[in-house]
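> Sequence isn't available, so here's the structure alone:
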């Protein structure tokens, strides 16, 4: 099959995506076999703020032909309908394309991913988990977390719908977000052989938690890399892992250079890092202040996994509204603490500085983030 099939001047969904395959060569992404789910036929949400310019991924009237895809193990993976591009630490999500044609406020969000497509696990090349992992598909599994039923690998319609609603409200508040594009409800899911079974059977066999309605959530990104992806948590991280993180940063710079809302020149590669961190610290601080001024908290920002490198918030189903000042203080403290053992934001700044070999103090950007937050929070 050709890398891309033309549809006029646009692109159809195909088994391979040229840009994503280039990222695979970097060792960042891994292509995984996926099959079309004919039982995801109910479109329960479409983002009304989105402009679709590629018919292959246009949800404005109906589900695009050939979508959605689900990760499978067993015999069906030998004859995939598509490849989803996955990576470690993303346990139910695969990137579908880098050619989405999705616009929000005239900003192109080229990466389209699918959340809730199946259960991913990591395989490490050695036991201490310092070497980069490969991803494999395993069967979804019903579990209980905090006395509530959950399913590893799949998404529940109630909380992805909550995420979409919360994200829409943040967008109206002027906050940079990763938009939900569409949500599809599923009436069947694949079993361990790639055959589709009823939800009742899936619950009986322990693949699906009781009272769960499985759904696929489509989201679009300017760049898919997150701040946590670059944080060097282990002091003895391998050189291979460091090289991969540096490649992520450079890929993100390339993605962000096409976004006119990012007001810095990133064309100098790693030498652009100080200017980038100046922009990120200001933008992230303003974003957080706008959130808190509306008496809202995200609850899961402290680990920096829910912040993309273009300073957009991800996964808003945890959003709390009408919160107390104490809760706002706690979220702010968890990010702005100068304690190196607490603040993942500081660790993010330090990791990016180390990857680029820049000579600058990470506390400089932590202070700039707090200054931008304070100035925005005090605005009338």
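It's in. Treat the numbers as computed from the prediction; the structure is a model and nothing was measured. Residues are numbered from 1 along each chain as shown.

> so where's this protein shaky on pLDDT?
1-16, 125-132, 146, 233-238, 338-341 (pLDDT under 70).

> can you map out the helices along the protein?
Ranges of helices in the chain, per DSSP state H, are 18-25, 157-172, 199-204, 227-230, 239-256, 273-293, 325-336, 344-356, 362-377.

> What is the fifth one packed up against?
Read that as helix 239-256. On a contact count with 3 or more C-beta pairs under 8 Å, 6 or more residues apart in numbering; DSSP states H and E, helix 239-256 meets helix 227-230, helix 273-293, helix 344-356. From N, CA and C alone the C-beta is placed, and that goes for glycine too.

> Export those helices as TSV, with columns for mean neighbour count.
TSV is the format used below for the helices and strands packed on helix 239-256 (neighbours: other C-beta atoms under 10 Å):
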stretch	mean neighbour count
helix 227-230	22
helix 273-293	21
helix 344-356	22
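
> returning to what we had before: looking at the helices of the chain, spot the one closest to residue 215.
Evaluated with C-beta to C-beta, the helices of the chain place helix 157-172 nearest to residue 215, the distance being 4.0 Å.

> what's the angle from that closest one to helix 273-293?
Calculated by axes from the mean of the first three to the mean of the last three C-alpha atoms, to 10 degrees, helix 157-172 forms an angle of 110 degrees with helix 273-293.

> And for helix 157-172, what's in contact with it?
Residues outside helix 157-172 that contact it (C-beta atoms under 8 Å, 6 or more residues apart in numbering) are 44-45, 47, 49, 115-116, 177-180, 183, 185, 213-215, 217, 291, 296, 313, 315-317, 319.

> Centre of the chain to that helix, how far?
Its chain's average C-alpha position is 15 Å from that of helix 157-172, according to C-alpha atoms, centre = their mean, to the nearest Å.

> how about that helix: buried residues?
157, 159-161, 163-164, 166-171 (16 or more other C-beta atoms under 10 Å).

> for stretch 366-380, same thing?
Quick answer for stretch 366-380 (16+ other C-beta under 10 Å): 366, 368-370, 372-373, 376-377.

> Report how many residues lie close to residue 316.
Neighbour count for residue 316, taken as other C-beta atoms under 10 Å: 26.

> ok so, going back, of all the helices and strands packed on helix 239-256, which lies closest to residue 203?
Closest to residue 203 of the helices and strands packed on helix 239-256, according to C-beta to C-beta: helix 227-230, at 32.9 Å.

> what are the phi and psi angles of the residue nearest the centre of the chain?
In the chain, the centroid-proximal residue (C-alpha atoms, centre = their mean) is residue 224; its distance is 5.8 Å. In terms of degrees, to the nearest 10, the main-chain angles of residue 224 are phi -80, psi 0.

> So it is in contact with residue 314, correct?
No: counting by C-beta atoms under 8 Å, residue 314 is not a contact partner of residue 224; they are 9.9 Å apart.

> ok so, going back, which of the contacts of helix 157-172 are buried, as a PyMOL select command?
The PyMOL selection below is limited to those of the contacts of helix 157-172 classed as buried (16+ other C-beta under 10 Å):
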select buried, resi 45+47+115+116+177+178+179+180+183+185+213+214+215+217+291+296+313+315+316+317+319
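
> can you count the residues close to the nearest residue to the residue nearest to the centre of the chain once chain neighbours are set aside?
Nearest residue to residue 224, sequence neighbours excluded (C-beta to C-beta, 6 or more residues apart in numbering): residue 111, at 4.8 Å. Around residue 111 there are 25 other residues, counting by other C-beta under 10 Å.

> can you list the helices and strands packed on helix 239-256 in CSV and add distance to residue 85?
Compiled in CSV, those are given as follows (distance: least, C-beta to C-beta, whole Å):
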stretch, distance to residue 85
helix 227-230, 14
helix 273-293, 25
helix 344-356, 22
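
> just so I know, which of those helices lies nearest residue 31?
Short answer: helix 227-230, nearest of these by C-beta to C-beta, at 18.5 Å.

> what helices or strands is that closest one leaning on?
Helix 227-230 packs on helix 239-256, helix 344-356, going by 3+ C-beta pairs under 8 Å, 6+ apart.

> quick one: residue 360 and residue 151, what's the gap?
44 Å (C-beta to C-beta, to the nearest Å).

> So for the two, which residue has more residues nearby?
The neighbour count for residue 360 versus residue 151, taken as other C-beta under 10 Å, is higher for residue 151 (24 against 16).

> Spit out the contact partners of residue 310.
So residue 310 contacts 176, 222-223, 252, 255-256, 259, 262 (C-beta under 8 Å, 6+ apart).

> Filter these down to the buried ones, PyMOL style.
If you want just the buried ones from those in PyMOL, going by 16+ other C-beta under 10 Å, the selection is:
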select buried, resi 176+222+223+252+255+256+262
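
> Just give me the closest of the buried residues of helix 157-172 to residue 301.
residue 170 (12.2 Å).

> which ones are touching the nearest residue to residue 176 once chain neighbours are set aside?
Of all residues beyond its chain neighbours, the one nearest residue 176 is residue 312 (4.6 Å), with distances taken as C-beta to C-beta, 6+ apart. By C-beta under 8 Å, 6+ apart, the residues touching residue 312 are 176-178, 221-222.
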